[in-house]
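Engineer: here's a sequence, model it:
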Amino acid sequence: MKLVTFTHNQTTRIGAVVNDWIVDGYGNKNIPTSMLEFLSLGAPALQMLQELINSGNYRIEVNQVKLHAPVPKPEKYLGISLNYADHIAETGREQPAYPSFFTKQSSCIIGDGDTIYQPKVSNKLDYEGELAFVIGKRCRHVPVDKAHQVIAGFTIANDISIRDWQMHSSTMMIGKSFDTAGPLGPWLVTPDEIKDPHNLTIKTWVNDELRQNASTNEMLFNCYEMIAYLSQAMTLNPGDIITTGTPSGVGVKMQPRGYLKPGQTVKVEIEGLGTLTNPVKAEPDNLALY
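Structural biologist: Next up is the predicted model:
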């Protein structure tokens, strides 16, 4: 199932993508309108939505809705750094002994088709195409061999990074959390549709130039190992987003630098998950709030 958060007729709710249609969760009033609540219900929510799909009713054409990030407001957004050997090599860093995580603030999240803004304070705007997964069950101390059971689904992430601000702190948080620095989507694909999340092709284009081309089988720490590691320290909750690192080909390591510029479009494609596409524009003056 491809789960979506969407707006239609000025109302935002949950649905599922079937071909060129959105199956509208409004068809069953017991289906929550927020993805966090939907995921918290677990299997019963999926069953109710599957019944709507099977009915053939409550359908809206995809081009008649606005898709948002599938999980617009997670409690946690955690990213792993240096998780592909070729990316580690291009950075000149040493391979980490343990998974190395940073936090992205949820206010950075945008959806497919939304605009990435080059901030006024920096022109070092970079892309990082990544596989992301979303937690589906409240969990702690999850063993590796059980970790697949707590994943609600997989989606595409573009870990936009403001490279100079990223280096302002060893946590990297501020340079990873600028407004619009968290494209996610276009939907959340449930695990039954993904045969092996650790054997998916991942590609990133800037305009028509292929910048990244790798496979998730190159990750040093896989999704299940990440869950086992994180859940030793903290409770993971439904809707928590975890991104799995980027392969080589980021703009900061190109010669000359391949930073994103206004007027360009960045596209991340992952096998079985679709394509996440976002235009780049200069940050407009009217975003100032004071």
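Engineer: can you give me the strands for the stretch 151-290 of the chain?
Structural biologist: Applying DSSP state E, counting those that start in this stretch to the stretch 151-290 of the chain gives strands spanning 151-158, 161-162, 182-189, 201-206, 209-215, 241-243, 265-270, 274-282.
Engineer: so what strands line up beside the last one?
Structural biologist: Yep, that's strand 274-282 we're talking about. Strand 274-282 sits in its sheet next to strand 116-118 (parallel), strand 265-270 (antiparallel), going by DSSP bridges.
Engineer: for the first one, buried residues please.
Structural biologist: This points to strand 116-118. For strand 116-118, the neighbour count (16 or more other Cβ atoms under 10 Å) marks 116-118 as buried. No exception for glycine: its C-beta is placed from N, CA and C like everyone else's.
Engineer: could you point out the helix or strand that follows it?
Structural biologist: strand 125-126 (DSSP states H and E).
Engineer: now do the next helix-or-strand element following that following strand, average pLDDT.
Structural biologist: Next helix or strand after strand 125-126 toward the C-terminus (DSSP H and E): strand 129-135. In this model, strand 129-135 carries a mean pLDDT of 98.
Engineer: which strands and helices lie in contact with strand 129-135?
Structural biologist: Strand 129-135 sits against strand 151-158, strand 201-206, helix 223-230, strand 241-243, strand 265-270, with contacts defined as 3 or more Cβ pairs under 8 Å, 6 or more residues apart in numbering; DSSP states H and E.
Engineer: can you put those in TSV and add mean pLDDT?
Structural biologist: Below are the helices and strands packed on strand 129-135 laid out as TSV (pLDDT from 0 to 100):
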stretch	mean pLDDT
strand 151-158	98
strand 201-206	98
helix 223-230	98
strand 241-243	98
strand 265-270	98
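Engineer: and R59, how many residues sit next to it?
Structural biologist: 18 (other Cβ atoms under 10 Å).
Engineer: use 243 as the first number for this chain going forward.
Structural biologist: All right, first residue 243 from here; so that's R301.
Engineer: so what's it closest to, chain neighbours aside?
Structural biologist: Among residues not flanking R301 along the chain, W263 sits closest, at 4.3 Å (Cβ to Cβ, 6 or more residues apart in numbering).
Engineer: so who does E525 touch?
Structural biologist: 359-362 (Cβ atoms under 8 Å, 6 or more residues apart in numbering).
Engineer: 10 Å instead?
Structural biologist: By Cβ atoms under 10 Å, 6 or more residues apart in numbering, E525 lies in contact with 357-364, 420-422, 504.
Engineer: once you drop chain neighbours, what's closest to it?
Structural biologist: Nearest non-adjacent residue to E525, counting by Cβ to Cβ, 6+ apart: Y359, 4.1 Å away.
Engineer: what's the answer for G493, then?
Structural biologist: G500 (3.5 Å).
Engineer: run a quick neighbour tally on that neighbour.
Structural biologist: So G500, with other Cβ under 10 Å, has 17 neighbours.
Engineer: H440 now?
Structural biologist: If you count neighbours by other Cβ under 10 Å, H440 ends up with 15.
Engineer: next one, pLDDT for it please.
Structural biologist: 97.
Engineer: verify the stated contact: it with Y466.
Structural biologist: Yes: using Cβ atoms under 10 Å, H440 and Y466 qualify as a contacting pair, with a distance of 8.6 Å.
Engineer: thought the residue nearest to E525 was touching L367?
Structural biologist: Yes: the pair Y359 / L367 is scored as a contact, 8.5 Å apart, by Cβ under 10 Å.
Engineer: give the residues shared as contacts by these two.
Structural biologist: 402, 420, 422-423, 504, 522.
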